[in-house]
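# just to be clear, the model below is a prediction. Sequence and coordinates:
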Amino acid sequence: MSATRAAAARSAPAWDVARVRRDFPILATLVHGKPLVYLDNGATSQKPHAVIDAVSHYYETGNANVHRGVYALSESATATYEGARTKLARFLNAREDREIIYVRGTTEAINLVASSFGRLKVRSGDEILVSAMEHHSNIVPWQILAEQVGATIKVIPMNQAGELRLDEYEKLLTPRARLVAVAHISNSLGTINPIKDMTARAHARGVPVLVDGAQGAPHLVVDVQDLDCDFYTVSGHKMFGPTGIGVLYGKAAHLEDMPPYQGGGDMIRSVTFAKTTYAPIPAKFEAGTPDIAGVVGLGAAVDYLGSLDRNAAALHEQDLLEYGTKRLATVPGLTIVGTAAQKASVISFVLAGIHAHDVGTIVDQSGVAIRTGHHCTQPVMEFFGVPATARASFAFYNTRDEVDALVEALQGVRRVFG
Amino acid sequence: MADLTELYQQTIVEHNRSPRNFKTLDHPTHQAQGDNPLCGDQITLQLTVDGDVIREVGFQGSGCAISQASASLMTSAVLGKSAGEAERLFRAFHDMVAGGADAPADPAVLGKLAAFSGVKQFPARVKCANLAWHTLHAALQADRNPISTE
């Protein structure tokens, strides 16, 4: 990120946010008669015309099953489907297209690795390292695996700012460690973790690393070869694509060794009742008819992101983070949770004496959509001693005016509770 | 902000600030725990039931204003009532906040509980209001398992 940020700082801030907003039709919506102020991008991002139109266009003119038909329409659908794989490989800078596995999203990607890589590599007495700030989807699959095989979960601790303690991490990288599972960006704290450094330290001990990129891909330019991670997971709907589609990137050597996750059509080379042999990757991990329209939409989202100046987008998001942090500090009784030095445009906060759900309901009346609750990170809430937080998570189409709208709506919360 | 003042009526804001019966009982005969996993609202409810009458009631918990005020007002409403009367109140309360009944809330039956009539306009918050009542129901059924609104 620091390289990205430095690059962004060098270029002129030529970010035309008004023009970008016109790409997202939903941003013109009224809520309770007021303009929608959508600040829940960490939960899901909005979709540009390019994605919506690509999905419609596919159903109107291109719909057929893939990898099956010999007729023109099926061949065209297959070409579109595999073409999107190439786009995604470039988007993540994977070495090869076959390292891109289509899945439903980050949750399924992690479950795939926990099930398949877990069966291959994790044994009784082994340890799996997860960080203290993981989303439940990067905790629970490992707990299920650990319970099945008799392995143990070890937690990489964090400090009060919400930064991982690399000294403690180093100590956890023992000969029993089989895998490190860590978020690129924390969904509830906004912390950007030093993945490249963490991967290098793990690899020095022969331990592979899975990176939960659900929040990373929308905010950062991801280069899996530079990070040198073994697995990287992406949710399409958080990066301006459709829901229900995502990507597991895995180094080809791992994916080739791993057993299938699900059995079915399209993942086999040959089937008899005596023995089945599996297709090579990526097909081995794509049983059944996939979400073809989702892949089309995700491909369109990657094209859309490619059409933007992502350095300028990152600079704009950093401006929203800095401006938002400063403005929210003026709200009486407000405390920001998560103050890492390296942060994405995510601000979690609590208001003294007022529960986050009451905050969420009240600001909604002003058209402001924020997430409230534990953000599927109950251990993070426990660490900071709060039952829940409110969270504003910004995308590149948000504005300083929307930060002001949030701050004004929060003044209204104080008025209700007197 | 008209809708908001209906949701956060003065009674609710006041009971959230100073909850009644916020205590643990020395010798409860009935007890139940309620959780709202989505919100993280939590209630532990204790009762001393003598014959059929709720003689003592206490709750502990944390959560949003709606869930905590509801627990406070619920405990006040059922104190001294029979288990059957408490269950009837629950049904009347549930009909009011979930919009199940065609008839409007009957203030004669619900008393101060009518302060929750505005919840009906906020479907996402209905389970916050109902949590204390589901927990009461579980306690009266002597159900030892934690209950959940999910």
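Done, it's in.
# can we go C-alpha only for contacts and neighbour counts from here?
Noted.
# in contact with the closest residue to residue A:245 other than its chain neighbours, which residues?
Closest residue to residue A:245 apart from its sequence neighbours, by CA to CA, 6 or more residues apart in numbering or on different chains: residue A:104 at 4.2 Å. Counting by CA atoms under 8 Å, 6 or more residues apart in numbering or on different chains, residue A:104 makes contact with A:235, A:243-247.
# Throw those into CSV and include pLDDT, thanks.
Listed next are the contacts of residue A:104 as CSV, based on pLDDT from 0 to 100:
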residue, pLDDT
A:235, 98
A:243, 98
A:244, 98
A:245, 98
A:246, 98
A:247, 98
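# inside strands: which ones of the residues you listed?
Mapping those onto strands (DSSP state E) picks out A:235, A:246-247.
# quick check, nearest of those to residue A:65?
Nearest to residue A:65 out of those is residue A:246 (CA to CA; 18.8 Å).
# what about that closest one, neighbour count?
By other CA atoms under 10 Å in any protein chain shown, 30 other residues sit near residue A:246.
# that one contacts residue A:106, correct?
Yes: if you go by CA atoms under 8 Å, residue A:246 and residue A:106 touch, sitting 6.4 Å apart.
# between those two, what contacts are shared?
A:233-235.
# filter these to the buried ones?
Buried residues within the shared contacts of residue A:246 and residue A:106, counting neighbours by 16 or more other CA atoms under 10 Å in any protein chain shown: A:233-235.
# tally of neighbours for residue A:396?
22.
# which residue sits closest to residue A:403, ignoring its sequence neighbours?
Nearest to residue A:403 is residue A:324, by CA to CA, 6+ apart, at 5.9 Å.
# next one: phi and psi at the nearest residue to residue A:345 once chain neighbours are set aside?
Excluding its sequence neighbours, the residue lying closest to residue A:345 (CA to CA, 6+ apart) is residue A:321, at 4.8 Å. For residue A:321, the backbone dihedrals (degrees, to the nearest 10) come out as phi -60, psi -50.
# about what we covered before: which one of the ones in strands among the contacts of residue A:104 is nearest to chain B?
Using CA to the nearest CA, residue A:235 is the member of these that lies nearest chain B, at 21.7 Å.
# residues in contact with the closest one?
Taking CA under 8 Å, 6+ apart, we find residue A:235 in contact with A:104-106, A:213-214, A:243, A:245-247.
# got a list of what the residue in the stretch 301-418 of chain A positioned nearest to chain B touches?
Residue nearest to chain B within the stretch 301-418 of chain A (CA to the nearest CA): residue A:355, separated by 4.8 Å. Contact analysis of residue A:355 by CA under 8 Å, 6+ apart lists A:388-389, B:63-65.
# take the residues you listed and keep only those in strands.
residue A:389.
# with pLDDT added, can I get the contacts of residue A:355 in CSV?
Listed next are these as CSV, based on pLDDT from 0 to 100:
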residue, pLDDT
A:388, 91
A:389, 95
B:63, 91
B:64, 94
B:65, 95
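# just the buried ones from the contacts of residue A:355?
By 16+ other CA under 10 Å, the contacts of residue A:355 give A:388-389, B:63-65 as buried.
# between those residues, which is nearest residue A:350?
Nearest to residue A:350 among the buried ones among the contacts of residue A:355: residue A:389, at 5.3 Å, using CA to CA.
# center of chain B, which residue is that?
Residue closest to the average C-alpha location in chain B (CA atoms, centre = their mean): residue B:132, at 3.5 Å.
# next up, the contacts around that residue.
B:34, B:43, B:67, B:70-71, B:74.
# wasn't it part of a helix?
Yes: secondary structure of residue B:132 (DSSP: H, G, I helix; E, B strand; the rest coil): part of a helix.
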